[in-house]
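S.K.: mind looking at a prediction? Sequence and model below.
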Amino acid sequence: MPRSLVDVMGTLSFKRRGYVPKNGGEYIYLLDLIMGFDDNQKITMAAAAKVLEETVETSYAKGGREVNLTDQISKEAVKDIVHGLTVEMPLKEPAEKKQLKQLHIVADEDHVAAQFWDKKGDLKISSAGNKINTIIDKIIVVFEDVIDEAPEGASYHRYKLVGKHTFCGVYKGSENNYKLWQEVQDYISANYDLDVLERVYISGDGAPWIKAGAEIIVNSRFVLDKFHMMKYLDRSVSHLEDEDEMKAYIWKCLNEARKDDLKDIYKDILRVTKEGRPEKYDDVKETLQYFLNNWDGIEIRYDESGHVWKCCAEGQVSHALSDRVSSRPMGWSTLGCDNISKLRAYTRNGGKIIDLLRYQEKHQALQAKRREQDELIADIKRRQDGWDYAEILNTHVLGTEKPKMKWLRDIIDQKLA
């Protein structure tokens, strides 16, 4: 029977002999079994890796064109490859864990346009006439320090995160959010000596999913991100005549954690705004409430001053997520967005896609073997329920005499206990 597979060297076309069991059933192609080809496989692992390497950086269409020099596969075929992935790899623990007293984490999110939720056409429309189609794509970056790589005497800065490791994905809901932060904790535990690590600073905009990390990450504290502090502050004083002077005073209150002084100045701003610019009143009120709700994240900047408070969350979102999933007009499924985001994090952490595909194939084969064993055990237990003691003693299951089948003999022998 003929078969074709797309490979990085071109399309492989060959014939293989099929065998049918004597007692009937479907044909078995031994060559497929030896080579590890699935029944519905159209592309080799090497070609799939090459497609994904391009797809994760550009688009499904360009990924399909990069499969080899003479062929290409469709966008739908590339999408099927992406959707069929499970982007998980076991942690590799170093020979020796790093001994640092402090670690830093920045956490943020990208807003991605959903094409649909479960099927095309199921997006709802808001009262304003807009589609309700926002996917929250999360990013967490763990790093050790920030250094300036700009040449000495340069008029600009070029900051670099030292020891950076990125986590990305949709992780919708509290249960999946817990899973995300647990992955971060597992990475920290595997790479850093927890007996030496005194503090982990989690910097973000104060979203509940980010603050939840402080409950999971050992020895961690939440720090309010400077970018979002500036964003709220600018919005609350942009209408004032003495904007620069007022902004400097509020920054002083924030940097010195003077809560009462902050409340007093915003009371004055609210009074002036209500009288002269009532349309800005809600902006001022929301800013004050934002600062008060995240006061613990503001206070730590004063209590533990001198640490790395460089603002880098927006840059990480842009490079790791927005460049691919939201900077151009496109729609995503939740699964596609999640897997592409995780792949971008995986490759930026130094992972090779071919290694991921090999691990996934091995992992799937192991899972299939476990399912087969579970079905065999369940079948034996069902039959045992109707056996009496004499039948158990005289029962022989084919193959259990082999040394590697001891686990199955133990299951059967449990009835004798």
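M.R.: It's in.
S.K.: contacts and neighbour counts: CA atoms only from here.
M.R.: OK.
S.K.: now V184: how far from L103?
M.R.: Computed as CA to CA, to the nearest Å, the V184 to L103 distance reads 12 Å.
S.K.: and if you look at V78?
M.R.: Per CA to CA, V78 is found 38 Å from L103.
S.K.: what's the answer for Y232, then?
M.R.: Shown here: Y232 relative to L103, a distance of 27 Å by CA to CA.
S.K.: more neighbours: which of those two?
M.R.: Neighbours were counted for Y232 and for L103 using other CA atoms under 10 Å; L103 has more, 20 against 17.
S.K.: quick check, the more buried one in a strand?
M.R.: Yes: L103: assigned to a strand according to DSSP: H, G, I helix; E, B strand; the rest coil.
S.K.: name the SS class of G129, please.
M.R.: Assignment for G129 (three-state DSSP): coil.
S.K.: tell me how many other residues crowd it.
M.R.: Look at G129: counted by other CA under 10 Å, it has 8 neighbours.
S.K.: give me phi/psi at it?
M.R.: phi 90, psi 10 (degrees, to the nearest 10).
S.K.: separation between it and V51?
M.R.: With CA to CA as the criterion, G129 and V51 are 38 Å apart.
S.K.: what of M35?
M.R.: In terms of CA to CA, M35 sits 21 Å off from V51.
S.K.: go on, G25?
M.R.: G25 is 36 Å from V51, by CA to CA.
S.K.: which of the two has more neighbours?
M.R.: It is V51, of G25 and V51, that has more neighbours when counted by other CA under 10 Å, with 28 against 9.
S.K.: what's the host helix or strand of that one packed up against?
M.R.: Using DSSP states H and E, V51 maps to helix 45-55. The contact analysis (3 or more CA pairs under 8 Å, 6 or more residues apart in numbering; DSSP states H and E) places helix 45-55 against strand 2-7, helix 60-65, helix 75-83, helix 353-384.
S.K.: in the first one, which residues are buried?
M.R.: I take that to be strand 2-7. Across strand 2-7, burial judged by 16 or more other CA atoms under 10 Å covers 6-7.
S.K.: packing partners for it?
M.R.: With contacts taken as 3+ CA pairs under 8 Å, 6+ apart, strand 2-7 sits against strand 10-15, helix 45-55.
S.K.: closest one to K138 among these?
M.R.: Closest to K138 of these is helix 45-55 (CA to CA; 19.8 Å).
S.K.: hmm, who's touching that closest one?
M.R.: Contact with helix 45-55 is made by 6-8, 61-68, 78, 81-82, 353-354, 357-358, as judged by CA atoms under 8 Å, 6 or more residues apart in numbering.
S.K.: quick one: secondary structure of K120?
M.R.: On the basis of three-state DSSP, K120 is classed as coil.
S.K.: before we move on, what about I135?
M.R.: Assigned by three-state DSSP, the conformation of I135 is strand.
S.K.: name whatever forms a beta bridge with it.
M.R.: Beta-bridge partners of I135, counted by DSSP bridges, are V112.
S.K.: right, and it touches H111 too?
M.R.: Yes: counting by CA atoms under 8 Å, I135 touches H111, with 5.8 Å between them.
S.K.: comparing these two, which residue is more hemmed in?
M.R.: The residue with more neighbours, out of I135 and H111, is I135; 21 against 16, by other CA under 10 Å.
S.K.: any idea how far the more buried one lies from E304?
M.R.: Distance of I135 to E304, given as CA to CA: 35 Å.
S.K.: does I132 really touch S126, like I thought?
M.R.: Yes: at 6.3 Å, I132 and S126 qualify as touching, with contact defined as CA under 8 Å.
S.K.: more crowded one of those two?
M.R.: I132 (13 against 10).
S.K.: over to that one: give its phi and psi.
M.R.: According to degrees, to the nearest 10, I132 has phi -90, psi 90.
S.K.: name all residues that make contact with it.
M.R.: I132 makes contacts with 123-126, as judged by CA under 8 Å, 6+ apart.
S.K.: want to throw those into TSV with pLDDT and distance to D323?
M.R.: Listed next are those as TSV, based on pLDDT from 0 to 100; distance: CA to CA, whole Å:
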residue	pLDDT	distance to D323
L123	88	24
K124	89	27
I125	88	27
S126	85	27
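S.K.: in TSV: the residues you listed, plus secondary structure.
M.R.: Below are the contacts of I132 laid out as TSV (three-state DSSP):
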residue	secondary structure
L123	coil
K124	strand
I125	strand
S126	coil
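S.K.: just the residues you listed now: which is nearest D374?
M.R.: L123 (40.5 Å).
S.K.: the closest one and F116 touch, don't they?
M.R.: Yes: using CA under 8 Å, L123 is in contact with F116, at 5.8 Å.
S.K.: and those two? Which one has more around it.
M.R.: Using other CA under 10 Å as the criterion, L123 and F116 rank with F116 on top: 18 against 15.
S.K.: tell me the domain ranges of this structure?
M.R.: 2-84, 90-225+313-350, 227-310, 360-416 (automatic domain parsing).
S.K.: same question for the shortest one, mean pLDDT?
M.R.: The predicted model gives domain 360-416 an average pLDDT of 64.
S.K.: likewise the third one?
M.R.: Predicted confidence along domain 227-310 averages 90 (mean pLDDT).
S.K.: how close does Q72 get to I354?
M.R.: Per CA to CA, Q72 is found 19 Å from I354.
S.K.: same check on E57?
M.R.: According to CA to CA, E57 stands 16 Å off from I354.
S.K.: just the helices in the stretch 101-250 of the chain please.
M.R.: 173-191, 208-211, 226-237, 243-255 (DSSP state H, counting those that start in this stretch).
S.K.: mind giving me the packing neighbours of the shortest one?
M.R.: When you say that, I think you mean helix 208-211. Applying 3+ CA pairs under 8 Å, 6+ apart, we find helix 208-211 packed against no helix or strand.
S.K.: nearest spatial neighbour of I353, chain-adjacent residues omitted?
M.R.: Nearest residue to I353, sequence neighbours excluded (CA to CA, 6 or more residues apart in numbering): A49, at 5.7 Å.
S.K.: V325: neighbouring residues, count only.
M.R.: V325, neighbours per other CA under 10 Å, totals 27.
S.K.: for Q364, same thing?
M.R.: 13.
S.K.: circling back: hey, which of the helices and strands packed on strand 2-7 is tucked in deepest?
M.R.: Highest mean neighbour count among the helices and strands packed on strand 2-7 (mean count of other CA atoms under 10 Å): helix 45-55, with a mean of 22.
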